[in-house]
Every structure is written in C-alpha cells, then in structure tokens.
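Asker: I'd like to go over a predicted model; first the sequence, then the structure.
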Amino acid sequence: MQGKLIIFSAPSGSGKSTIINYLLQQNLNLAFSISATSRAPRGNERNGVEYYFMSPEEFKTKISNNEFLEYEEVYADKFYGTLKCEVERLVAEGKNVVFDVDVVGGINIKKFYGDRALSIFIQPPSVEVLRQRLTDRGTDAPDVIECRLNKAEYELSFASQFDIVIVNDNLEDAQKQALQAIQNFTAH
Ligand SMILES: Nc1nc2c(ncn2[C@@H]2O[C@H](COP(=O)(O)OP(=O)(O)O)[C@@H](O)[C@H]2O)c(=O)[nH]1
Ligand SMILES: Nc1ncnc2c1ncn2[C@@H]1O[C@H](COP(=O)(O)OP(=O)(O)O)[C@@H](O)[C@H]1O
C-alpha cells in the first residue's frame, strides 16, 4: 500500500541517515521528505537534496504563513521543519514518505497521522559510542559535537514513545530490522 508515513528519530550520530539511505535503495516505494532548515549546509550537501536550506528570516516567514506540518528549534537558532507541500507532493506521487526528524517532531507527526504512520527510534549502543561516531564522521566542530551530545540523554528518554526501537550496534542487523519493519507495515 502507498501513502504511508515512516518516521525516524534519534540523537544526532545514531545512524538515521545511514539507515535511511540504505532503505531508499531497496524496492520499498519510499521517498525522503526533504525538510527545511536554517542551519548551513555541510560537506557536499546540496539545496533540495538533503535539505531546503534557508535563512532564519525566510524560515520564520514560512512559520507565519502556516506552511509547516511541524517545526522545531532543534538547536539554538537552528530551525528544522517539515513543509506541508513536501509531504503532499510525495503522497501525490504515490510514495510512502520517510521522515528524518528530531524526537519531538517524530512524536508530533505520529500523533497527526495515527495508524497511517510508523515511528522508529534508532538507539545508539551508548553515549560514548555516539561521541566516537560523531567524531569519526568528521562533519562537525568539537563544540557542535558537545552540543549534540548534551542533548542526547534527553532525546534517549523519548524512546519508549515510539512504535519500534532499533539498537544500531551492528549496522547490517539494524538495517535488516528496519527493512523488515517497513515491509510488514506497508504490506497491508
Ligand atoms: N522536528 C524536525 N526535526 C528535524 C527536521 N529535519 C531534521 N530534523 C532533525 O534535526 C536534527 C539535526 O539534524 P542535522 O543537522 O542534519 O544533523 P544530524 O542529526 O547529525 O544528521 C536531527 O535530529 C534531525 O532528525 C524536521 O523537519 N523537523
Ligand atoms: N552501526 C554502526 N557502526 C559504526 N558506525 C556507524 C554505524 N551506523 C552509522 N555509523 C556511522 O556513524 C556516523 C553517524 O551516522 P549518521 O547516519 O550520519 O547519523 P545521524 O543521521 O543519526 O546523525 C556516520 O559516520 C556513519 O557512517
């Protein structure tokens, strides 16, 4: 069936993007909901691929115009949000839509769509492993990594509010679990 919503949330560095990229390559009729953000692009990120990048002012204008399904100030002055038109576009294409959102956004989208949505929490084996992965990823300055780790404990406390928790210790196992869960959910 199409028009289902699959939500992934987790502390930064838990492996959401890696798992989502794997799932997008499987034959699941999935499409990624590209969020809007006021953070700067990093590395090879391109506008309209990983995110719609915009200034904080532009973001706030869209908030006033009620263009967001949900949005959060995930880090100080760094806004992230799901545009209603983005979800509508993908559903109209007959896709199942995948979200990579923070824990509060994930819980809100699940509430909004109810049984049409599956919420998945990706849990790191430990905060120390998270620190190592963020350091090895090499995309963020040390102070940015500290800021993300400071938030991780708080985010981990939301895990039980998700439909499924997948511990991302061995990547292949985590990918298989996510694949299986989505196959089951979209089969009926
Ligand atoms: N609420 C909400 N959170 C989002 C959205 N898009 C991304 N995020 C979250 O913002 C956080 C930071 O994302 P990002 O800067 O790409 O860093 P990453 O977590 O290291 O990949 C992550 O928890 C994302 O899941 C969105 O549209 N809404
Ligand atoms: N199971 C795993 N074991 C080791 N490294 C992993 C695992 N899953 C992801 N990684 C690595 O950890 C880093 C963070 O993963 P990423 O998918 O960018 O996380 P997120 O999108 O949740 O911030 C990346 O460099 C990724 O290659």
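Answerer: Nice, thanks for sending it over. Numbers count the residues shown, from 1 in each chain. Ligands and ions are numbered 1, 2, ... in the order given.
Asker: Show me what from this structure comes close to ligand 1.
Answerer: Residues of the chain lying close to ligand 1 (Cβ under 6 Å from any ligand atom) are 12-13, 17, 35, 39, 70, 72, 74, 80-82, 100-102, 105. Every residue, glycine included, has its C-beta placed from N, CA and C.
Asker: which ones among those residues come in contact with ligand 2?
Answerer: Answer for those near ligand 2 (Cβ under 6 Å from any ligand atom): 12-13, 17.
Asker: just so I have it, where are all the strands in this structure?
Answerer: Secondary structure of the chain (DSSP state E): strands at 5-9, 30-32, 35-37, 51-53, 68-75, 78-83, 96-100, 117-123, 164-167.
Asker: now those strands as TSV including mean pLDDT and mean neighbour count?
Answerer: Shown next, in TSV, are the strands of the chain (pLDDT from 0 to 100; neighbours: other Cβ atoms under 10 Å):
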stretch	mean pLDDT	mean neighbour count
strand 5-9	98	24
strand 30-32	97	19
strand 35-37	98	21
strand 51-53	98	17
strand 68-75	94	19
strand 78-83	97	21
strand 96-100	97	23
strand 117-123	98	23
strand 164-167	98	17
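Asker: In TSV, list the ones you listed along with distance to Thr186.
Answerer: Formatted as TSV, the strands of the chain follow (distance: least, Cβ to Cβ, whole Å):
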stretch	distance to Thr186
strand 5-9	8
strand 30-32	9
strand 35-37	22
strand 51-53	25
strand 68-75	21
strand 78-83	20
strand 96-100	6
strand 117-123	9
strand 164-167	14
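Asker: residues contacting Ile145?
Answerer: Ile145 makes contact with 131, 134-135, according to Cβ atoms under 8 Å, 6 or more residues apart in numbering.
Asker: Just confirm Asn179 contacts Leu23, I think it does.
Answerer: For residue 179 the amino acid is Leu, not Asn. Yes: counting by Cβ atoms under 8 Å, Leu179 touches Leu23, with 6.5 Å between them.
Asker: what about the residue lying closest to Ala31 once chain neighbours are set aside, how many residues close to it?
Answerer: With sequence-adjacent residues excluded and distances taken as Cβ to Cβ, 6 or more residues apart in numbering, Ala31 is closest to Lys95, at 3.8 Å. For Lys95, the number of neighbouring residues by other Cβ atoms under 10 Å comes to 19.
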